[in-house]
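> Sequence plus the predicted model coming up.
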Amino acid sequence: MKKVLFISYYYPPMGGVGAQRALRFIKYLPEFGWEPYVLSAQPSPYLPYDESPLGILPEERVRRAEVLEPLNIINRISAIKLPSFSKKKREETDSPKNPKELKEGFREIPLSWKGKTRAWLFVPDDRVGWIPEGTREGLGFFAREKIDCMISTSAPYSAHLIALRIKKRTKVPWIADFRDLWSTNTFLYFPTRFHKGLNNYLESLVVKNADFVLTCTPLFKEDFLLRYHDFPADKFAMITNGFDPEDFPLPHPEPYPKFTISYVGDFYGPQSPIYFLLGLRAFLNKRKGAEEKIQVLFVGPFEKRVSPIVDSLDLGKIVKFLGFLPHQQSIAIMRRSHLLLLILGSKAGGEKIYPAKVFEYLAAQKPILALVPEGITKELLKESGVAFLVNPENEDAISLALDKIYLAHQTDQLPKNIEPLNLKDFNARELTKSLAVLMESAQSNSSLQKRSKG
């Protein structure tokens with residue numbers, strides 16, 4: 001069996017969406033003749049834990065590099081107590097806001113000063129501290145094993161810089177996998193032209209030296225093709241994210257007693273829940289009695305950023321914050337809910353994105369309230385046949401959609417378990433088969449290059 005080394009900063013026991021793409025590939029690659037090994041980082045105290053996927057690989061095939069954690073410095077600074085506001089200022093801050101003020105204040109959840117500081121100090125990202133030890137541990141695999149292919153996955157983009165170093169030493173076929181765009185990512189903060197230029201340069205080194213550049217959406221692939229047109233078009237490939245069918249066994253679990261709307265994930269920049277919450281408030285104002293029969297579950301590490309909106313709209317009895325939950329628990333909540341909420345802001349760049357959660361939403365076989373702009377996610381959901389598509393920044397339209405869906409549920413006309421028309425396209429086993437074909441191509445191309453040079 002051939003051997004492949006995955007370089008992924010996120011790997012269990014570190015949780016979150018960053019680990020899931022690599023985990024699904026790693027699980028199914030042995031079916032296609034590849035034995036996976038993993039280079040990851042020592043678990044960070046600043047990231048959520050999820051130990052449920054441990055055991056997919058024997059621990060002897062996983063190495064976790066020590067990390068010089070730059071976040072320690074920033075968190076020490078943030079622990080310094082600053083002078084408090086005056087009593088009058090505190091009262092102004094804590095007082096409820098009207099809808100107009102809320103929309104202006106929460107249209108886009110702003111980047112924290114910590115986030116801006118990290119962008120100033122660390123290029124390409126605040127995980128650069130694992131590059132030296134990660135390179136050493138990665139080369140250690142090659143000293144012990146015959147590695148036939150290497151895959152690095154980002155974000156963080158520093159994973160690709162480790163792979164670049166290893167590639168220069170070993171000449172092993174290398175696939176650079178981009179779960180998000182890098183230098184053209186409109187959701188990233190580049191403080192100066194210098195920062196932007198340095199990220200451009202580092203990205204170009206990765207693209208030049210990788211055998212294949214893999215993306216997870218067709219418009220990400222198109223972005224690379226337009227900017228790197230000097231390279232052959234077949235250097236760039238696309239495999240979407242997906243779902244693991246084993247996470248969604250039959251029979252379907254019993255739904256919650258209350259009509260339940262669930263959001264699973266995080267909110268990044270323009271992915272703000274403000275319009276949904278305004279729409280929810282307007283719906284409840286019109287539909288008397290509904291407040292006692294509905295709950296909204298938010299699963300993710302964002303309570304501090306979103307709870308001020310919930311409090312201002314007097315939605316505390318409806319909205320529940322469950323925090324970060326292990327992946328299997330999150331899926332269980334999706335499957336017991338009556339409606340899944342998807343929010344993708346209208347900021348430029350959002351039209352190119354497939355939120356990773358959308359594929360597991362589809363696999364949960366529940367109706368989806370999709371507050372998404374024009375773009376590939378909207379088209380994918382149109383094809384699915386299970387989504388209510390609503391303007392993401394129109395609270396009146398959201399209110400009307402909620403009313404329609406709620407009444408359908410009350411009259412037992414809301415579908416309970418409905419298979420999306422395009423579900424089979426995102427099965428992790430089939431997606432992994434496509435990756436295995438790409439890995440074979442990387443090997444073949446590398447062998448041809450060696451023979452031509454010889």
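Done, it's in.
> Every contact and neighbour count from this point should use C-alpha atoms.
OK.
> what residues does stretch 362-373 touch?
For stretch 362-373, the surrounding residues in contact (Cα atoms under 8 Å, 6 or more residues apart in numbering) are 243, 245, 248, 331, 334-335, 337-346, 350-351, 361, 378, 384, 386-393, 415-420, 423.
> Could you list which of those residues belong to helices?
Using DSSP state H, the members of the contacts of stretch 362-373 that fall in helices are 331, 334, 335, 361, 378, 384.
> Among the contacts of stretch 362-373, the buried ones, what's the PyMOL command?
Typed into PyMOL, the line below selects the buried ones among those, using 16 or more other Cα atoms under 10 Å:
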select buried, resi 243+248+331+334+335+337+338+339+340+341+342+343+344+345+346+350+351+361+378+386+387+388+389+390+391+392+393+416+419+420+423
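> mind listing the strands for the stretch 351-454 of the chain?
Secondary structure of the stretch 351-454 of the chain by DSSP state E, counting those that start in this stretch: the strands cover 368-371, 387-390.
> What of the chain?
2-7, 34-41, 62-65, 149-154, 174-178, 212-215, 236-238, 259-264, 294-299, 319-323, 339-343, 368-371, 387-390 (DSSP state E).
> got TSV for those strands, with mean pLDDT and distance to residue 357 too?
Formatted as TSV, the strands of the chain follow (pLDDT from 0 to 100; distance: least, Cα to Cα, whole Å):
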stretch	mean pLDDT	distance to residue 357
strand 2-7	97	22
strand 34-41	96	23
strand 62-65	93	26
strand 149-154	97	17
strand 174-178	98	16
strand 212-215	98	16
strand 236-238	98	18
strand 259-264	97	7
strand 294-299	97	12
strand 319-323	95	16
strand 339-343	97	8
strand 368-371	96	12
strand 387-390	96	14
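> Switch these over to JSON lines; also include distance to residue 120.
Listed next are these as JSON lines, based on distance: least, Cα to Cα, whole Å:
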{"stretch": "strand 2-7", "distance to residue 120": "25"}
{"stretch": "strand 34-41", "distance to residue 120": "23"}
{"stretch": "strand 62-65", "distance to residue 120": "25"}
{"stretch": "strand 149-154", "distance to residue 120": "20"}
{"stretch": "strand 174-178", "distance to residue 120": "22"}
{"stretch": "strand 212-215", "distance to residue 120": "27"}
{"stretch": "strand 236-238", "distance to residue 120": "30"}
{"stretch": "strand 259-264", "distance to residue 120": "30"}
{"stretch": "strand 294-299", "distance to residue 120": "30"}
{"stretch": "strand 319-323", "distance to residue 120": "29"}
{"stretch": "strand 339-343", "distance to residue 120": "29"}
{"stretch": "strand 368-371", "distance to residue 120": "33"}
{"stretch": "strand 387-390", "distance to residue 120": "37"}
